[in-house]
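# Prediction below, plus the sequence it came from.
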Amino acid sequence: MGALGLMYADTIAKARGRESVSFVMNKERLQKYKDAVFTCNGEVKTFRMRDCEEMEPVDLLIVAVKYNGLPDAMKDMRKCVGENTIIMSVMNGITSEKMIAEEFGMEKLIDTVAQGMDAMKFGSELRFTQMGELHIGVEAGQKQENVDAVAEFFDDIHMPYVVEEDILFRMWAKFMLNVGINQTCMAYETTYSGALTEGTEANDTLIAAMREVITLSNAENIGLSEKDLWLYIDILKTLDPEGVPSMRQDGIARRYSEVEMFAGTVIKMAEKHGIDTPANRLLYQKVKAIEATY
């Protein structure tokens, strides 16, 4: 029930009715949240919430949790997954699909990238000016028919989406963006506009961290380029200048962040290729220093 979970649940509920979508959780969370009321851009909303132990297989399972919460979420997902269940992760990073596939099978997944939104959630209030779009596609071991089925569903509920021929490229491109903007905004305690202000240390670090992902992507035969970097910088410029990405929201709320999924992944993968990553090491240290004060 974070920013993306609420935004997508609200889209489904508007098109198909409140009973068409559920948040699934364990008994403890259900007791805590069962009477929760949210606001989505000022509109009061309530959503159906269900005990994971009382679930049956679903058609579409959207994984919208934090990286640190994925292992527990996969335990709570088990009864939701049946023979024909399609799973899509809207989590950041390039590792969640592999983790889910190890538990449930790659053939049940379609790769997904959530892009172009500026959704922010503080407490029970969700605000966004850009909903963005979901980029979907298949890699080796996945089924094109699952992408086709999800695309048909998205057409029906008016969910913005793009079907990608090379979804791994798109996932890495979004990873590059997040490694830069998410970590920079948290480490420098700033907004989108603060991170994008040229000539500042924050902006220099943002660009340097993204360039390190480009170098790593080429070592991994993905093939990002400088052109892709500036394309994503242009996307950032369309978002609310005073908005902040999810990691900065974590910092404001004094929650532990997804730094391991971003800089942690870059540093470990780069070491295998003998690639130096000073910008990501700097961001990793800054974020860890902030978290050490909690």
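That came through, no problem. From a predicted model like this one, the values you see are computed outputs, not experimental measurements. Numbers count the residues shown, from 1 in each chain.
# what about A289, neighbour count?
The number of residues packed near A289 is 10, by other Cβ atoms under 10 Å. In short, each C-beta sits where N, CA and C put it, glycine included.
# how close does it get to I94?
Remark: distance between A289 and I94 (Cβ to Cβ, to the nearest Å) = 25 Å.
# Go through the helix or strand where K75 lies and flag the buried ones.
Assigned by DSSP states H and E, K75 falls within helix 70-77. Neighbour-count burial for helix 70-77 flags L70, A73, M74, D76, M77 (criterion: 16 or more other Cβ atoms under 10 Å).
# which residue packs closest to the last one, ignoring adjacent ones?
Meaning M77. Counting by Cβ to Cβ, 6 or more residues apart in numbering, L61 is the residue found nearest to M77 once chain neighbours are left out, at 6.4 Å.
# The one you found and I100: what is the separation?
Taking Cβ to Cβ, one finds L61 at 9 Å from I100.
# More neighbours: these two, which one.
Set L61 next to I100 and count neighbours by other Cβ under 10 Å: I100 wins out with 24 against 21.
# for the more buried one, what are its contacts?
For I100, the contact set (Cβ atoms under 8 Å, 6 or more residues apart in numbering) comprises V63, L70, M74, I87, S89, L109.
# burial count for the nearest residue to the third one once chain neighbours are set aside?
When the adjacent residues along the chain are set aside, M74 lies closest to E103, with 5.1 Å between them (Cβ to Cβ, 6+ apart). Counted by other Cβ under 10 Å, the residues lying close to E103 total 15.
# Spell out which helix or strand contains E103, please.
Per DSSP H and E, E103 falls inside helix 96-104.
# Packing partners of whichever helix or strand comes after that helix?
Counting by DSSP H and E, the next helix or strand C-terminal to helix 96-104 is strand 109-115. With contacts defined as 3 or more Cβ pairs under 8 Å, 6 or more residues apart in numbering; DSSP states H and E, strand 109-115 has these neighbours: strand 86-89, helix 96-104, strand 133-137, helix 144-157, helix 167-187.
# what's the fourth one packed up against?
By that I understand helix 144-157. Using 3+ Cβ pairs under 8 Å, 6+ apart, the elements in contact with helix 144-157 are helix 3-16, strand 86-89, strand 109-115, strand 133-137, strand 161-163.
# who wins for proximity to D204 among those?
strand 109-115 (24.2 Å; Cβ to Cβ).
# what sits up against the closest one?
By Cβ under 8 Å, 6+ apart, the list of residues contacting strand 109-115 from outside reads 4, 86-90, 97, 100-101, 132-139, 142-143, 146-147, 150, 164, 167-168, 170-171, 173-174, 235.
# Against T293, how distant is the closest residue to R127 other than its chain neighbours?
Nearest residue to R127 in three dimensions, chain neighbours excluded: M120, at 5.4 Å (Cβ to Cβ, 6+ apart). For M120, the distance to T293 equals 22 Å [Cβ to Cβ].
# For those two, indicate the residue with more neighbours.
Shown here are M120 and T293; by other Cβ under 10 Å, M120 has more neighbours (20 against 6).
# Lowest-scoring secondary structure element of the protein by mean pLDDT?
Taking mean pLDDT, DSSP states H and E as the measure, strand 120-122 is the helix or strand of the chain with the lowest mean score, a mean of 89.
# Spell out which residues make up each domain of the chain.
Split into domains by automatic domain parsing, the chain comes to 3-165, 168-291.
# So for the shortest one, mean pLDDT?
Here the mean pLDDT over domain 168-291 is 96, rounded to a whole number.
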